[in-house]
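# model this:
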Amino acid sequence: MRYFLENNTLFIRGRFRAASTGVNGGLADVTTIVNHTVPHNFEGDPSRHLELLAARHGIFNDFFGLLTAVDMRHLCVLQYDFITVFITAGITNPTLNDDPKTPHTINIIVYSQEGMRDATLLESIITATGAKAQALHNLGHDFPGTTTDAVVVACERDAAITHTYAGTLTEVGRRVHAAVLYGLPEALARQQGKVRRSGPSFFIYSRYGGEHWVEWKKEDCPYYPCHFAGQRCDYCYCPCYPCRDEELGEWVESLSGGNVWACTRCTLLHQPEIADYVRRNPEATLAELKRLREKI
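Below is the predicted model of the structure:
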């Protein structure tokens, strides 16, 4: 899985089996998931708009797309072991005549590096939706969502591990539930201006010093420089994760059981020339970046 932002659009690329409740949703094999920001007064055809957007990036048919009026700088990305959740959120009370110019869509994208059956993908949508409703209730709202919310759940098509269930007591479900429950209030706080960030926010579920969520921010990082003097930290939260390239990282045993991908020794995206190249060419493959490294 690779993800990147371009022109206020989130692109998630890979070889996915996915389920979507969004535009032209359903169950399908897809290579791309898109979350695209449109103007608050958008009145176009959502399906046609997404098709044209995808076509401009060389993507045809095999994608799921979502639309939102929320700016992508308010995106929250949450990593919990093999689960990654992407959330953009804006709310108005659907029972009241709120200002139509106010963003009022909650989009949730769940990615699993481990596999799921089709029924598991669908159950994950239920789990994510339940966590969304609980998060809104905890914030004092009397509605479980907005009238335009959407969820996409995707997993690796060729994963070695395949999960059968995704209820909140399962390995998949409890991670999805925890990430949405924590991430939705954070996404809303950014969209409402209560928390100010210049770009997307990244959270990692940590077990060091007790289980808790940590927001990674490169400003005032106590570990800088973690690799070498003059390194770049644009991609400390690596968009290639988990690359599974054993020249760059390794599988390690998780404290919660199973194995997780560790890339603590990898310096690829810390090299200034490569960091600049990825910013100019966000869809560059890992092999392409490794070849570039050999020329430096």
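# can you give me the strands in the stretch 1-150 of the chain?
2-5, 9-20, 26-37, 63-68, 76-80, 83-89, 106-112, 115-116, 150-156 (DSSP state E, counting those that start in this stretch).
# TSV for those, including distance to Ala262?
For glycine as for every other residue, the C-beta is placed from the backbone atoms N, C-alpha and C. Listed next are those as TSV, based on distance: least, Cβ to Cβ, whole Å:
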stretch	distance to Ala262
strand 2-5	19
strand 9-20	20
strand 26-37	26
strand 63-68	30
strand 76-80	13
strand 83-89	16
strand 106-112	18
strand 115-116	21
strand 150-156	18
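# what's the closest of those strands to Gly199?
With Cβ to Cβ as the measure, strand 2-5 is the member of the strands of the stretch 1-150 of the chain nearest Gly199 (8.1 Å).
# what's in contact with that closest one?
Residues from elsewhere that reach strand 2-5, judged by Cβ atoms under 8 Å, 6 or more residues apart in numbering: 10-14, 72, 75, 77, 86, 200, 239-240, 282-283.
# out of those, which end up buried?
Buried residues within the contacts of strand 2-5, counting neighbours by 16 or more other Cβ atoms under 10 Å: 10-14, 72, 75, 77, 86, 200, 239-240.
# so which of these sits lowest on pLDDT?
Minimum pLDDT across these is recorded for Pro239, with 76.
# so what's that residue up against?
Here Pro239 is in contact with 2-4, 278, 282 (Cβ under 8 Å, 6+ apart).
# tell me the contacts of Gly58?
Counting by Cβ under 8 Å, 6+ apart, Gly58 touches no other residue.
# quick one, phi/psi of it?
Dihedral pair for Gly58: phi 70, psi 30, per degrees, to the nearest 10.
# in its sheet, what does the helix or strand of the chain with the lowest mean pLDDT sit against?
For the chain, using mean pLDDT, DSSP states H and E, the weakest element among its helices and strands is strand 259-262, scoring a mean of 80. Paired neighbours of strand 259-262 in the sheet (DSSP bridges): strand 250-253 (antiparallel).
# any stretches of the protein with poor pLDDT?
92-103, 220, 236, 255-257 (pLDDT under 70).
# got a list of what the residue positioned nearest the centre of it touches?
Note on the chain: the residue nearest the mean C-alpha position is Phe86, at 3.0 Å, using Cα atoms, centre = their mean. Applying Cβ under 8 Å, 6+ apart, we find Phe86 in contact with 3, 10, 12, 35, 75-77, 107-109, 111.
# that one pairs with what?
In beta-bridge terms (that is, DSSP bridges), Phe86 pairs with Val77, Ile109.
# ok, and what's touching stretch 208-227?
Here stretch 208-227 makes contact (Cβ under 8 Å, 6+ apart) with 78, 182, 186, 201-206, 231, 233-234, 236-237, 267, 270.
# for Pro282, see how far away Tyr237 is.
14 Å (Cβ to Cβ, to the nearest Å).
# over to Gln134?
Taken as Cβ to Cβ, the span from Gln134 to Pro282 is 34 Å.
# do a quick rundown of the strands in the stretch 151-296 of the chain.
Going by DSSP E, counting those that start in this stretch, the stretch 151-296 of the chain shows strands at 162-163, 201-206, 212-216, 250-253, 259-262.
# any chance of those in TSV with mean neighbour count and distance to Asp118 as columns?
Listed next are the strands of the stretch 151-296 of the chain as TSV, based on neighbours: other Cβ atoms under 10 Å; distance: least, Cβ to Cβ, whole Å:
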stretch	mean neighbour count	distance to Asp118
strand 162-163	16	11
strand 201-206	18	27
strand 212-216	13	30
strand 250-253	12	27
strand 259-262	15	25
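# mind putting these into a markdown table with distance to Met116?
Shown next, in a markdown table, are the strands of the stretch 151-296 of the chain (distance: least, Cβ to Cβ, whole Å):
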| stretch | distance to Met116 |
| --- | --- |
| strand 162-163 | 5 |
| strand 201-206 | 19 |
| strand 212-216 | 23 |
| strand 250-253 | 20 |
| strand 259-262 | 18 |
